[in-house]
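Peer 1: Need coordinates for the following:
(chains A and B)
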2 protein chains.
Amino acid sequence: MLGQAGCLQQRCNAVDFRRQSVSFAAASASQSRRCIRNRAVRMEVSASTVKPQIMVNSVAGKMGQAVAEATLRAGFELVPYTLANAEVAARSKTIPVAGKQVEVVGPDRRDAVMAEVKSRYPQLVMVDYTVPDVVNEMASFYIKHKTPFVMGTTGGDRAKLVKDVQDAKLYAVIAPNMGKQIVAFQAMFEHAAATFPGAFSGYKLRVVESHQSTKKDTSGTAKAVVASLNGLGLNFDVSQIELVREPKEQVERMKVPTDALNGHAFHTYQLVSGDGSVMFEFQHNVVGRTTYAEGTVDACLFLAQKVAGKAGQTLYNMVDVLKAGDMR
Amino acid sequence: MLGQAGCLQQRCNAVDFRRQSVSFAAASASQSRRCIRNRAVRMEVSASTVKPQIMVNSVAGKMGQAVAEATLRAGFELVPYTLANAEVAARSKTIPVAGKQVEVVGPDRRDAVMAEVKSRYPQLVMVDYTVPDVVNEMASFYIKHKTPFVMGTTGGDRAKLVKDVQDAKLYAVIAPNMGKQIVAFQAMFEHAAATFPGAFSGYKLRVVESHQSTKKDTSGTAKAVVASLNGLGLNFDVSQIELVREPKEQVERMKVPTDALNGHAFHTYQLVSGDGSVMFEFQHNVVGRTTYAEGTVDACLFLAQKVAGKAGQTLYNMVDVLKAGDMR
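Peer 2: Below you'll find the model as predicted:
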């Protein structure tokens, strides 16, 4: 992903906090690879006790591919099978992940393959980045096979999803946003709103977000943060969030690297006091899928510990993963 | 203060999130006055039940003057006396605050004047922005006269200060930083560090702060935030905080308004993931003293409620004020 999406760190150094209208040259592929290698080393050194054996479904999809790659970078075992729909299964027998082949399993074979996978991989954790239409069906499949799973897929009947998994007492992490640090950022603001109501009363807010031009709706993260900010005393409607979707504006105004135009999430929140003498600004800018993929692997590692420890609670979200602390 | 220090809001609009190297023209005095007037209106409309009668000591000082002005803007009664040292008392009989005269009381008369003030102003709250050398002496004076007080003065023997006030069961707010929103910002990060240890593990941090050229030491707020960020998994020594003290660099790099060079506090924290694909940035930029002065008045309002309600706890800080919510 990073080879495509550039390296924000390089851009940050170039900016040198100067807020100048610099042209953000994207990182070269070799620099990006070095970035990833450094992170992989850190992970391996501090890897935790019970290691998950991770099977990623929909490896043909971009998120599935990113999670499979992150699994290998983290030094965890990637189960060489991936569930797919009949169409994908008819098209491809295998899908490559970092040079290794993962066997595509269509609906006709999936029960048989799962029996074998379960016996060969006792620390199995499934990862689900399928599509909203099959969220509930996939959950039923994991419940049927009693396979712990981490689901980043959004949509579907969420109430049914939660109820089914809870009733089955199946170990799972379900979270619509697997970006650990972004979830932490959201949680910080939620906490502040609950603890210091009205602390920013009299302030004015401005929010702008930029995503790939195909995204039509407003960022869910921005909407959640705005809800917290309103709790802090602001009076801001989510319809006031500025959406940037034009590539030219993304590059010139938002400083999105050109090679990340098709995959980025940039958010800026600016709070200014009523008299204009104080300004707070918060930004979170993401290119590519690496942070979500790595958060997903963290969730798998977390879940493996819960399964091994026979924890009483079985259903978790990313805040639970965060609270468990840095595990690798 | 704002007449001198400009209006960040106007600058923000000018920037339009574009990060361009714009020249930040300071707000005109008339615009600044309008800013303040708007805030005063909001305060009066939602003013709370028990109104403090505020006596500000060291009104001759910049913070004392700012708090006295904020008291009047908030629609609260300003007690027309101010304690001062012998030198100030010999020099000035009165000090003007927004056109009104406040009588200067030197050490020789202060016991007599306090007896009169206490009888005339039953909701009296004293504000102390004196100097580190007399922190403990002033506290002893307030204890002797049983006058609730809000102290923003730093330095002195802090342990003795707290012990003396606690032993006397005197109502007081003691806080080295009265900027409510900045305290909230610090508390947010403290909470995150305690709740999500290591959430930003593998990230790199860069911190830069700009203050008036006479400030030699590193920002205490920046150091406190860095301590929290280290709890989130960063490994950053406070010696790595970049200090900007040169006016030219402050204007060009930090975008400090030229008329705020002698009174500003700008802070930027930038966190970049190990692979460079994620960047978080947090800024808090303050010009002038208004936000601290208004926070002080909020603390007085808070303390007046505690005194009236005969609260069991007597000693408070700004987090307590924040938790009480927006009171006006």
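
Peer 1: residues of stretch A:169-184 that come out buried?
Peer 2: Across stretch A:169-184, burial judged by 16 or more other CB atoms under 10 Å in any protein chain shown covers A:170-175, A:177-184. Where C-beta positions appear, they are placed from N, C-alpha and C, glycine not excepted.

Peer 1: and it, how far out from the chain's middle?
Peer 2: Stretch A:169-184 has its average C-alpha position 8 Å from the chain's average C-alpha position, going by CA atoms, centre = their mean, to the nearest Å.

Peer 1: repeat for stretch A:97-111
Peer 2: 23 Å.

Peer 1: So A:K62 sits against A:R289, correct?
Peer 2: Yes: A:K62 lies in contact with A:R289 (CB atoms under 8 Å); the separation is 6.4 Å.

Peer 1: When these two are compared, which one has more neighbours?
Peer 2: Taking neighbours as other CB atoms under 10 Å in any protein chain shown, A:K62 and A:R289 compare with A:R289 leading, 25 against 14.

Peer 1: Within range of chain B, give me the residues from the stretch 201-328 of chain A.
Peer 2: Neighbours of chain B within the stretch 201-328 of chain A, by CB under 8 Å from any CB of the partner chain: A:201-204, A:206, A:208, A:232-233, A:252-255, A:268, A:270-288, A:290-291, A:322-323, A:325-326.

Peer 1: In helices only, show me those residues.
Peer 2: Cross-referencing those against helices under DSSP state H gives A:E252, A:T290, A:T291, A:L322, A:K323.

Peer 1: Tell me, how many residues neighbour the second one?
Peer 2: The burial metric for A:T290, expressed as a neighbour count using other CB under 10 Å, is 27.

Peer 1: now it: how far from B:Y121?
Peer 2: Separation of A:T290 from B:Y121 (CB to CB, to the nearest Å) stands at 62 Å.

Peer 1: And for the fourth one?
Peer 2: As judged by CB to CB, A:L322 and B:Y121 stand 50 Å apart.

Peer 1: of these two, who's got more company?
Peer 2: Counting neighbours by other CB under 10 Å for A:L322 and for B:Y121 shows that A:L322 has the greater number, 24 against 17.

Peer 1: Could you pull up the residues touching the closest residue to that one other than its chain neighbours?
Peer 2: Distances taken as CB to CB, 6 or more residues apart in numbering or on different chains place B:F196 nearest to A:L322, at 4.2 Å, with adjacent residues excluded. B:F196 is in contact with A:A184, A:A187, A:L322, A:K323, A:G325, B:L232, counting by CB atoms under 8 Å, 6 or more residues apart in numbering or on different chains.

Peer 1: cool, A:V208 as well?
Peer 2: Contacts of A:V208 by CB under 8 Å, 6+ apart are A:I241, A:E242, A:L243, A:V244, A:M254, A:H267, A:T268, B:F17.

Peer 1: Strands of the stretch 101-250 of chain A, start to end?
Peer 2: A:124-128, A:149-151, A:172-174, A:204-211, A:242-244 (DSSP state E, counting those that start in this stretch).

Peer 1: Which segments of chain A make up each domain?
Peer 2: Domains of chain A are assigned by automatic domain parsing as A:53-178+A:312-324, A:180-290.

Peer 1: Could you save these as TSV and add columns showing distance to B:D108 and mean pLDDT?
Peer 2: Below are the domains of chain A laid out as TSV (distance: least, CB to CB, whole Å; pLDDT from 0 to 100):
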stretch	distance to B:D108	mean pLDDT
domain A:53-178+A:312-324	60	96
domain A:180-290	38	95
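
Peer 1: how about TSV for those domains, with distance to B:E137 added?
Peer 2: What follows is those, written out as TSV (distance: least, CB to CB, whole Å):
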stretch	distance to B:E137
domain A:53-178+A:312-324	46
domain A:180-290	32
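
Peer 1: Doesn't A:M55 belong to a strand?
Peer 2: Yes: membership of A:M55 in a strand is supported by DSSP: H, G, I helix; E, B strand; the rest coil.

Peer 1: Ok, which of the domains of chain A comes nearest B:F76?
Peer 2: Proximity to B:F76 (CB to CB) singles out domain A:180-290 among the domains of chain A, at 16.5 Å.

Peer 1: now the end-to-end length of that closest one.
Peer 2: Start and end residues of domain A:180-290 are separated by 11 Å (CA to CA, to the nearest Å).

Peer 1: rewinding a little: now the strands of the stretch 101-250 of chain A as CSV including distance to B:A227?
Peer 2: Converted to CSV, these look like this (distance: least, CB to CB, whole Å):
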stretch, distance to B:A227
strand A:124-128, 35
strand A:149-151, 33
strand A:172-174, 30
strand A:204-211, 28
strand A:242-244, 34
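
Peer 1: Indicate which one of those is closest to B:M151.
Peer 2: B:M151 lies closest to strand A:204-211 among the strands of the stretch 101-250 of chain A, at 31.0 Å (CB to CB).

Peer 1: chain center to that closest one: distance?
Peer 2: Mean C-alpha position of strand A:204-211 versus that of the full chain (CA atoms, centre = their mean) differs by 21 Å.

Peer 1: Within the sheet, what are the partner strands of it, with directions?
Peer 2: Using DSSP bridges, the strands paired with strand A:204-211 are strand A:242-244 (parallel), strand A:264-272 (antiparallel).

Peer 1: Determine which stretch of these is the most buried.
Peer 2: When these are scored by mean count of other CB atoms under 10 Å in any protein chain shown, the highest mean neighbour count falls to strand A:264-272 (a mean of 23).

Peer 1: Which residue is the nearest non-sequential neighbour of the residue of the stretch 101-250 of chain A found nearest chain B?
Peer 2: Per CB to the nearest CB, A:G198 is where the stretch 101-250 of chain A lies closest to chain B, at 2.6 Å. Nearest non-adjacent residue to A:G198, counting by CB to CB, 6+ apart: B:D326, 2.6 Å away.

Peer 1: who touches the one you found in this structure?
Peer 2: By CB under 8 Å, 6+ apart, the residues touching B:D326 are A:P197, A:G198, A:A199, A:S201, A:G233, B:S46.
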